[in-house]
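Q: make a model of this:
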Amino acid sequence: MIAATTGDRNLCGEIALESDAALYEFLSGTIGQLPGLQHADVAVALRSVKRAGMILPPAPPAGEVSRRSVGAG
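A: Predicted coordinates:
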């Protein structure tokens, strides 16, 4: 989620990642590369009570059966 705001910030966003390493990669590789970016604040939430989406595990390689799909339907 990202929203335009007023006040001392121009944008406010929320992202859910699976690890500290993924957070570092996102901040350095995506946010850090934005042209014109002068400052970014980051706050880490250790627990989320309500969130818009979930992180799904990677899909299994072709030909393997996913435990999520076994017995579904």
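
Q: Leu17 and Phe26 touch, don't they?
A: Yes - using CB atoms under 8 Å, Leu17 is in contact with Phe26, at 6.3 Å. Bear in mind the C-beta positions are built from the backbone N, C-alpha and C, glycine included.

Q: strands along the chain, start to end?
A: Using DSSP state E, the strands of the chain run over 2-4, 11-13.

Q: deepest of these, which one?
A: Mean neighbour count, computed with mean count of other CB atoms under 10 Å, is highest for strand 11-13 among the strands of the chain, reaching a mean of 11.

Q: neighbours of Ile31, how many?
A: Using other CB atoms under 10 Å, Ile31 has 13 other residues around it.

Q: residues in contact with it?
A: For Ile31, the contact set (CB atoms under 8 Å, 6 or more residues apart in numbering) comprises 37, 40.

Q: ok, now with 6 Å
A: Applying CB atoms under 6 Å, 6 or more residues apart in numbering, we find Ile31 in contact with Ala40.

Q: now it: how far from Ile15?
A: Here the criterion is CB to CB, to the nearest Å. By it, Ile31 lies 9 Å from Ile15.

Q: would you turn the strands of the chain into CSV with distance to Arg47 and mean pLDDT?
A: Shown next, in CSV, are the strands of the chain (distance: least, CB to CB, whole Å; pLDDT from 0 to 100):
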stretch, distance to Arg47, mean pLDDT
strand 2-4, 22, 85
strand 11-13, 19, 83
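
Q: how about these in TSV, adding distance to Val42?
A: Below are these laid out as TSV (distance: least, CB to CB, whole Å):
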stretch	distance to Val42
strand 2-4	14
strand 11-13	10
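
Q: how about low-confidence regions in this protein?
A: 48, 50-56, 64-73 (pLDDT under 70).

Q: residue ranges for the helices of it, please.
A: Here the chain has its helices, by DSSP state H, at 20-25.

Q: neighbours around Ala21, how many?
A: 9.

Q: gap between it and Leu34?
A: In terms of CB to CB, Ala21 sits 20 Å off from Leu34.

Q: try Ala4
A: Separation of Ala4 from Leu34 (CB to CB): 15 Å.

Q: and what of Ile15?
A: 14 Å.
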